[in-house]
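Visitor: Mind folding the following:
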Amino acid sequence: MTASAATLLQPEWPRPDNIAALITTRRHSGHSEAAFARFNLATHVGDAKEAVLANRRALASQVQVKLPWLQQNHSTHIACVDAGLAPEAAYDGSYTRANQVACAVLTADCLPVFLCDDRGRQVMCLHAGWRGLAAGILSRGVSLFPPQARVLAYLGPAICRLCFEVGAEVRESFLVAAKQRRFSQSVESAFVAVPDQPGKYFADLYQLARIELQSAGVAAIYGGEFCTYCDSELFYSYRREGETGRFASLVWRCS
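Guide: Here you go, the predicted structure:
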């Protein structure tokens, strides 16, 4: 992943020429202050609404696309945003075949996942925290592409395995999911026991995402090299700070 002069990150994946993708960072010049400095794009975290809306307007002006923002709640609901309008209900992902309409999600440790087909006909962006991953949002997303489509995936910035400590109930959720959805690989290797803390594990969101995507037929998977918890200059992290902003991951068809 490379950073542009405008401090937006550009995912490095072999997307078709008509597909564009960006990830915002907290060092981008913006209107948010204190714990939300400087380019928070979420309205639900306690930041001044006027600052968030100003940041959203600045981003839309910079990328020159329609930006329908979602109300996320760790579900597996995915909205079609071909009309360029934000859905009224809560969704944790969106897809479109329209031009100049961005699919966008907000994260601060959860995993943003970019999807497109290799002919550039459809794009999708998903918000995959551990609840959404365990519930199957990635399989759901892949199922919304045409049956014969070759889907490409990019795993955006999320909390890394060494920083993401979870309880036994999280591991059990994925063990159950693997049986229900018949994953082609074991998920047990994505969990490493925390020394001297019974019932605690380090969880690898990137590996869990790769396992499910591969089981859903996606072979071309890229990204997964950042840690939002470790990199406080670039990314917001809920685990690190508690009160914090959210950065955006967005993908769209240019033509």
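Visitor: Over to the residue nearest the centre of the chain. Which of the three states is it?
Guide: Most central in the chain under CA atoms, centre = their mean is Pro112, positioned 0.9 Å from the mean C-alpha point. Look at Pro112: counting by DSSP: H, G, I helix; E, B strand; the rest coil, its state is strand.
Visitor: distance of it from Ala104?
Guide: As for Pro112, its distance to Ala104 is 9 Å (criterion: CB to CB, to the nearest Å). Glycine gets a C-beta too; all of them are placed from N, C-alpha and C.
Visitor: Which neighbours do the two have in common?
Guide: Shared contacts of Pro112 and Ala104 (CB atoms under 8 Å, 6 or more residues apart in numbering): 125, 249.
Visitor: got the contact list for the residue nearest to the centre of the chain?
Guide: 23, 105, 125-128, 155-158, 249.
Visitor: And for Glu233?
Guide: Glu233 neighbours (CB under 8 Å, 6+ apart): 26-27.
Visitor: Read off the pLDDT value for it.
Guide: According to the prediction, Glu233 has pLDDT 92.
Visitor: Quick check: phi and psi at it.
Guide: Taking degrees, to the nearest 10, you get phi -70, psi -40 for the backbone angles of Glu233.
Visitor: can you pull the pLDDT of the residue located most distally from the centre of the chain?
Guide: Distance from the C-alpha centroid of the chain peaks at Asp196, with 32.0 Å (CA atoms, centre = their mean). pLDDT recorded at Asp196 is 93.
Visitor: Could you measure from it over to Ser189?
Guide: 21 Å.
Visitor: now swap in Ala220 and tell me
Guide: Distance from Ala220 to Ser189, by CB to CB: 21 Å.
Visitor: Much appreciated, bye for now.
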